[in-house]
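# Sequence first, predicted model second:
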Amino acid sequence: MKRSQPPVCLNRRHFVSTALGAVMNFHLTNGSAVPSLSEGSIDAHVHVWTPDVKKYPLAAGFAKQDMAPMSFTPDELFAQCRPEGVARITLIQMSYYGFDNRYMLDSMAADPGVFSGVAIVDENSGNVREQMKDLAKQGVRGFRLNPGSQSVEAWLSSPGMSEMWKVGAEEGISMCLLINPEALAGVDKMCGKYPETPVVIDHFARIGMAGPVSRPLLDRLLHLSTHAKVHVKTSAFYALGQKRAPYLDMGPMIRELRDAYGAERLMWGSDCPFQVDGGHTYSDSIALIRDRLDFLSASEKSWMLRKTAEKVFFS
């Protein structure tokens, strides 16, 4: 169902809510022109959720007080991203909802062409193939995978995981991996076993989250570039390295990734709403790629800010 009137949502950061039509070229939003879908940037990593837990119940183990902020709806997102020229967004299913992807899917349906989606399914459900194909028909272009408390070996060797990677290859749907760097060796084996399966590594595989960038761990991520279907998100700057704007300490790692993968296999993502908390801003996130890394050419910036995500999540 297309959006008729946006909900009024307030949270601790007092985001400005705004109403947007489905597919627009230029309307005014807080004084800023909404960029066209074909020319604006793409944010490859955003989570959205609603305080309406009656319509969209939280998964077992989550309570309303766990939601921080209490609300981050598409309208609150638009208030952040539109002024920075971002026209399209890849929504990542939020863990608060577990395997219930309805809020993400409803958000996608409300603004056709604006959103792509990365869903979460239970690989041990017994009908994971059917679930994946059904979600793909609804605009899902990737599936988020995370080992949780399992060992990496047990996680990657399950029959359901093998089925997911097979369907990914058949349908051109990405396996989107939220992993720690210690899992990269196992992922390397999976990529060798399923070379036609598209893979996206989220947040630099969290290299630099626990401390300075480790040379051995970065080398593992660089090695994955030998698999032609692997892409990397340069994202979540607020959580990596020095963890403060303007995030220039991320530059050397981004440069090495550019040299190994080519900009055609790198994409920028904000990781909102977490990027706009604790003194961090949306503007500083996109500005690192758009304005602050002088070793990136105009063409490379175009790939990282739009064309790679367009290829992976909107084709």
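Nice, I can see it. Fair warning: this is a prediction, and the values are worked out from it, not measured in the lab. Numbering: from 1, shown residues only.
# Skip the chain neighbours and tell me the closest residue to Glu300.
Ala263 (3.7 Å; Cβ to Cβ, 6 or more residues apart in numbering). Every C-beta, even on glycine, is put in place using the N, C-alpha and C of the backbone.
# Let me see the contact set for the residue nearest to Ser116 when sequence neighbours are not counted.
Once flanking residues are discounted, Ser116 sits nearest to Phe313: 4.0 Å by Cβ to Cβ, 6+ apart. Contacts for Phe313 (Cβ atoms under 8 Å, 6 or more residues apart in numbering) come out as 42, 44, 90, 116, 118, 141-142, 174.
# now do 7 Å
44, 90, 116, 141-142 (Cβ atoms under 7 Å, 6 or more residues apart in numbering).
# who touches the host helix or strand of Thr234?
Assigned by DSSP states H and E, Thr234 falls within strand 230-235. Contacts to strand 230-235, defined as Cβ under 7 Å, 6+ apart, come from residues 44-45, 191, 199-204, 224, 254, 257, 261, 265-271, 289, 304, 308, 312.
# Tell me, how many residues neighbour Ala260?
Ala260 is flanked by 18 other residues according to other Cβ atoms under 10 Å.
# I'd like the next helix or strand past the helix or strand in which it is found.
Taking DSSP H and E as the definition, Ala260 sits inside helix 251-261. On the C-terminal side of helix 251-261, the closest following helix or strand by DSSP H and E is strand 266-269.
# Phi first, then psi, for Val86.
In terms of degrees, to the nearest 10, the main-chain angles of Val86 are phi -90, psi 120.
# count of neighbours near it?
24.
# excluding its backbone neighbours, what's nearest Val114?
Arg88 (5.7 Å).
# I figured the one you found hits Glu39, correct?
No. Judged on Cβ atoms under 7 Å, Arg88 makes no contact with Glu39 at a distance of 10.5 Å.
# what residues do these two have in common as contacts?
With Cβ under 7 Å, 6+ apart, Arg88 and Glu39 have no common neighbours.
# So for these two, which residue has more residues nearby?
Arg88 (23 against 10).
# which residues pair with that one across the strands?
Arg88 forms beta bridges with Ile42, as assigned by DSSP bridges.
# Secondary structure element for the residue positioned nearest the centre of the chain, which one?
Taking Cα atoms, centre = their mean, the centroid of the chain lies closest to His45, which sits 2.3 Å from it. Assigned by DSSP H and E, His45 belongs to strand 41-46.
# how much does that strand deviate in direction from strand 230-235?
90 degrees (axes from the mean of the first three to the mean of the last three Cα atoms, to 10 degrees).
# List the contacts of strand 41-46.
By Cβ under 7 Å, 6+ apart, strand 41-46 touches 77, 81, 85-92, 202, 233, 235, 267-272, 286, 305-306, 309-310, 313.
# hang on, the earlier thing: from Cys81, how far off is the residue nearest to Ser116?
Counting by Cβ to Cβ, to the nearest Å, the gap from Phe313 to Cys81 is 15 Å.
# Val48 now?
12 Å.
# Mutual contacts of these two, please.
In contact with both Val48 and Cys81: no residue, using Cβ under 7 Å, 6+ apart.
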